[in-house]
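# predicted model follows, preceded by the sequence.
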Amino acid sequence: MEPVMANLRTAASYARTGNTALAQMETEEAVTAWKRLETNASSFPSPHTAAPLTEFLSRGGERLGAVAHALDSGDNVAAGRELQLLRQSFHQLRRQSGLYDLGDCVFEIAPAMEKLRIAATRFGEQPAPAHAGDTVAAAGVLRDRLQRCNDWARADIAERNEFRRLIDGAIASSSEIAHAAMAGDGPLVHRYLIELQSYAQLLDFRFG
């Protein structure tokens, strides 16, 4: 399953950046591997033999078809949406199976990042300390999520230079964006927002 999810992460990244041909290649590889998963599902060890796995594979195959169709039509937004829904269903299946690891934690960064984006964008329309509350709160939630992911990382991953650069940089920036908001500095809040979005995307691409 992990190689397939890596295909999906890469396809989503390419779709987001407009590299349709590369997204199609990753999706085609995922489709081929998915068919093998459906064929061999009955041999999966517990807890993967549960009925949710069959439903997941069936709906996932349909979603992959929708992704391929969207990419063929040049609709990268729709393709990205279907890829996100498929990845979300995978993580839900893992939770139902009692599984959780760094990849699951990193996947859950995105909603916190989106809430901060909305709050920071609104702050940018009226940058003043009096309007900093939502941005500060959202930054705190994101920072807590990032710290949790840091705690979930296995020792061999936690010690990697790449992981340390991304997770430590994101944690630091989530603190700095709150300070910038409390100071009423709109341009600095925007700069940290862009930086955090890059960190979040790279964490998802490499460790999600």
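In hand now; what should we look at? Because the structure is predicted, anything quoted here is derived from the model rather than measured. Numbering: from 1, shown residues only.
# domain map for the protein?
Per automatic domain parsing, the structural domains of the chain span 2-99, 104-207.
# what's the least confident stretch among those domains?
Sorting the domains of the chain by mean pLDDT places domain 2-99 lowest, at a mean of 83.
# what's the span of it from first residue to last?
End-to-end distance of domain 2-99 (Cα to Cα, to the nearest Å): 14 Å.
# ok, stretch 96-108 next?
First-to-last residue span, stretch 96-108, Cα to Cα: 16 Å.
# now do that stretch: everything it contacts.
The contact list for stretch 96-108, computed with Cβ atoms under 8 Å, 6 or more residues apart in numbering, reads 5, 47-48, 50, 52, 87-88, 91, 94-95, 145, 148-149, 152-154, 157, 203-204, 207-208. The C-beta positions use only the backbone N, C-alpha and C, and glycine is treated the same way.
# got it, and stretch 25-41?
Everything outside stretch 25-41 that qualifies as a contact, by Cβ under 8 Å, 6+ apart, is 1, 3-4, 7-8, 10-11, 14, 48, 53-54, 57-58, 60-61, 64-65, 67-68, 71, 79.
# what do you get for stretch 119-130?
Outside stretch 119-130, the residues touching it (Cβ under 8 Å, 6+ apart) are 131-132, 134-135, 137-138, 177, 181-186, 189-190, 193.
# hmm, try it at 10 Å
Contact with stretch 119-130 is made by 131-139, 141, 177, 180-190, 192-194, 196-197, as judged by Cβ atoms under 10 Å, 6 or more residues apart in numbering.
# just the buried ones among those residues, please.
By neighbour count, with 16 or more other Cβ atoms under 10 Å, the contacts of stretch 119-130 hold 131-132, 134-136, 138-139, 141, 177, 180-181, 184-186, 188-190, 192-193, 196-197 as buried.
# Ile167 contacts Leu196, correct?
No. The criterion here is Cβ atoms under 10 Å, and Ile167 misses it with Leu196 at 12.0 Å.
# overlap in contacts, those two.
Leu146.
# what about Glu29, distance to Ala12?
According to Cβ to Cβ, to the nearest Å, Glu29 and Ala12 sit 14 Å apart.
# between these two, which one's more packed in?
The neighbour count for Glu29 versus Ala12, taken as other Cβ atoms under 10 Å, is higher for Ala12 (27 against 17).
# who's in contact with that one?
Contacts of Ala12 (Cβ under 10 Å, 6+ apart): 23, 26-27, 67, 76, 79-84, 86-87, 201, 204-205, 208.
# tell me the spacing between it and Asp151.
Taking Cβ to Cβ, one finds Ala12 at 26 Å from Asp151.
# and what of Arg145?
Taking Cβ to Cβ, one finds Arg145 at 11 Å from Asp151.
# between those two, which is the more surrounded one?
Arg145 (22 against 10).
# sec struct for that one, please.
Following DSSP: H, G, I helix; E, B strand; the rest coil, we place Arg145 in the helix state.
# the nearest residue to it once chain neighbours are set aside in helix, strand or coil?
Spatial nearest neighbour of Arg145, excluding adjacent residues (Cβ to Cβ, 6 or more residues apart in numbering): Ala112 at 4.8 Å. What three-state DSSP gives for Ala112 is helix.
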